[in-house]
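give me coordinates for this.
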Amino acid sequence: MPVPSFVMAIAGGTGAGKTTVARELTTGVDSVTLVPLDNYYRDRSGQPLEERREVNYDHPDAFDWPLVREQVSALCEGRTVEMPQYDFTVHNREEERVTVDPGDVLVVEGILALHDDVVAEMLDLKLYVETDADVRILRRIRRDVVDRGRDLEGVMDQYLSTVKPMHERFVRPTKKEADLIIPEGANDRAVDLLRDRVLGVVEEGEPPEPFSE
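Reported below is the predicted structural model:
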């Protein structure tokens, strides 16, 4: 299989709009491979559900970084991977994995997408999406309550006890690793400029060039 023409990572706080930016940046690209870090939470099959509920999932240690590195590297080399899937209702990986092929563009997306130095070496572009904290918490409440079936009180407790402090300690500091910072979620002007650059690399064979702010 061909290797991806362009490899990027999109980081930012919970609810910042990372997935939206990823989708808009790759509009018009024939094949895109998304690597959501949420799929790479560590396997906790040996722990009871009550213990899994108490895990700090916003800490870097919650992620299976060796597997992230292995699979991102494989995709960058044009190899297929068996990507884990994650069930947020039981706080654990699903038994089945999904076969994922490398696309023209590879996007690593997650709150800590810029955290790991090994992954960073594989990237052509590092983005950080910065969005107001009030907007982010409202989006998280809607996602966790509506899409993931959690109760509002539990979501708020988790936000105050782990999500917010871990954002300040681990997520926000990765902003300094970014090539570009996109303000206020899916900023149209920034996204349009970046999309043109990505399409130029993919469609016209232009080599990825360093990005400057």
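
just checking, what's the longest helix in the chain?
The longest helix of the chain (DSSP state H) is helix 188-204.

quick one: the helices in this protein?
18-25, 49-53, 65-76, 117-120, 133-142, 152-158, 164-166, 188-204.

same list, those helices, but as TSV with mean pLDDT, distance to F88 and mean neighbour count please.
In this view, the C-beta of every residue, glycine as well, is placed from N, C-alpha and C. TSV is the format used below for those (pLDDT from 0 to 100; distance: least, CB to CB, whole Å; neighbours: other CB atoms under 10 Å):
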stretch	mean pLDDT	distance to F88	mean neighbour count
helix 18-25	90	15	20
helix 49-53	91	11	12
helix 65-76	98	18	18
helix 117-120	98	23	15
helix 133-142	75	12	16
helix 152-158	74	11	13
helix 164-166	90	17	17
helix 188-204	86	27	16
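
dump those helices into CSV; add distance to K126 as well.
Shown next, in CSV, are the helices of the chain (distance: least, CB to CB, whole Å):
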stretch, distance to K126
helix 18-25, 13
helix 49-53, 31
helix 65-76, 13
helix 117-120, 7
helix 133-142, 20
helix 152-158, 27
helix 164-166, 20
helix 188-204, 12
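
between these, which gets nearest to E82?
helix 65-76 (8.4 Å; CB to CB).

so what touches the closest one?
With CB atoms under 8 Å, 6 or more residues apart in numbering as the contact definition, helix 65-76 has outside contacts at 3-4, 7, 33, 35, 37, 40, 80-81, 83-84, 100, 102, 106, 108, 116, 118-119, 122.

which one of the helices of the chain lies closest to A178?
Of all the helices of the chain, helix 117-120 comes closest under CB to CB, at 10.3 Å.

so what does that closest one touch, helix or strand wise?
On a contact count with 3 or more CB pairs under 8 Å, 6 or more residues apart in numbering; DSSP states H and E, helix 117-120 meets helix 65-76.

put the alpha carbons of the helix it packs on into CSV.
Extracted C-alpha coordinates of helix 65-76, given in CSV (Å, rounded to 0.1, in the frame of the first residue of the first chain):
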residue,chain,number,x,y,z
TRP,A,65,1.8,4.8,24.1
PRO,A,66,3.8,1.8,22.9
LEU,A,67,0.8,0.7,20.8
VAL,A,68,0.1,4.3,19.6
ARG,A,69,3.7,4.5,18.4
GLU,A,70,3.7,1.1,16.8
GLN,A,71,0.5,1.7,14.8
VAL,A,72,1.2,5.2,13.8
SER,A,73,4.6,4.1,12.6
ALA,A,74,3.1,1.2,10.6
LEU,A,75,0.5,3.5,9.0
CYS,A,76,3.2,6.0,8.1
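
any idea which of the helices of the chain gets closest to K176?
Per CB to CB, nearest to K176 of the helices of the chain: helix 117-120, 12.0 Å.

pull the residues that contact the closest one.
By CB under 8 Å, 6+ apart, the surrounding residues in contact with helix 117-120 are 9, 65, 68-69, 72, 108, 113-114, 126, 177.
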